[in-house]
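Peer 1: Build me a model:
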Amino acid sequence: MDWKIELIPVPVTDVDRAKAFYEKVGFNADHDHKVFEGLRFVQLTPPGSACSIVIGEGITDKTPGTQEIQVVVAHAEVARKQLLDAGVAASEVDVQPWGSFVYFRDPDGNSWSLQAIESRPTG
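Peer 2: Presented below is the predicted three-dimensional model:
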């Protein structure tokens, strides 16, 4: 049986600012629904991903800026250029024996690591 990650909560201080940031990076805004007072659910999906993030009000008790997420990309340099073209500060490409990495943060300081690897043991 497959186990697939579906949704990761990302704590933010300003939902609209965070939503605009992630859309600027290229995430698709799948849902933005105020369920009731104190609960707003905003689901965003990175390009090509089967897993989404959720931001909003009443979503998580985590402190904004504490979430760390790593995703896999095909090419680190291309991903870095996409971030820079969107006006997002991104690290230089960090080449390691196990992959090449690019790092960036959202407006609240939540950190993202983009990893480009040539092959995965599981395909």
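Peer 1: May I ask you to confirm that Val88 is in contact with Lys24?
Peer 2: Yes: between Val88 and Lys24 a contact is recorded at 7.2 Å, counting by CB atoms under 8 Å. C-betas here are computed from N, CA, C, even on glycine.
Peer 1: Looking at those two, which is more packed in?
Peer 2: Taking neighbours as other CB atoms under 10 Å, Val88 and Lys24 compare with Val88 leading, 17 against 13.
Peer 1: Just want the phi and psi numbers for that one.
Peer 2: Backbone torsions of Val88, given as degrees, to the nearest 10, read phi -100, psi 130.
Peer 1: Also Glu23?
Peer 2: With angles defined as degrees, to the nearest 10, Glu23 sits at phi -70, psi -40.
Peer 1: just the one 10 residues further on next, same as before
Peer 2: The phi and psi values for His33, taken as degrees, to the nearest 10, are phi -130, psi 130.
Peer 1: Is it bridged to anything, and to what?
Peer 2: Beta bridges link His33 to Phe41, judged by DSSP bridges.
Peer 1: what about it, how many neighbours?
Peer 2: Other residues near His33 number 10, with proximity taken as other CB under 10 Å.
Peer 1: so who does it touch?
Peer 2: Contacts for His33 (CB atoms under 8 Å, 6 or more residues apart in numbering) come out as 40-42.
Peer 1: That one and Ser113: what is the separation?
Peer 2: From His33 across to Ser113, the span is 29 Å (CB to CB, to the nearest Å).
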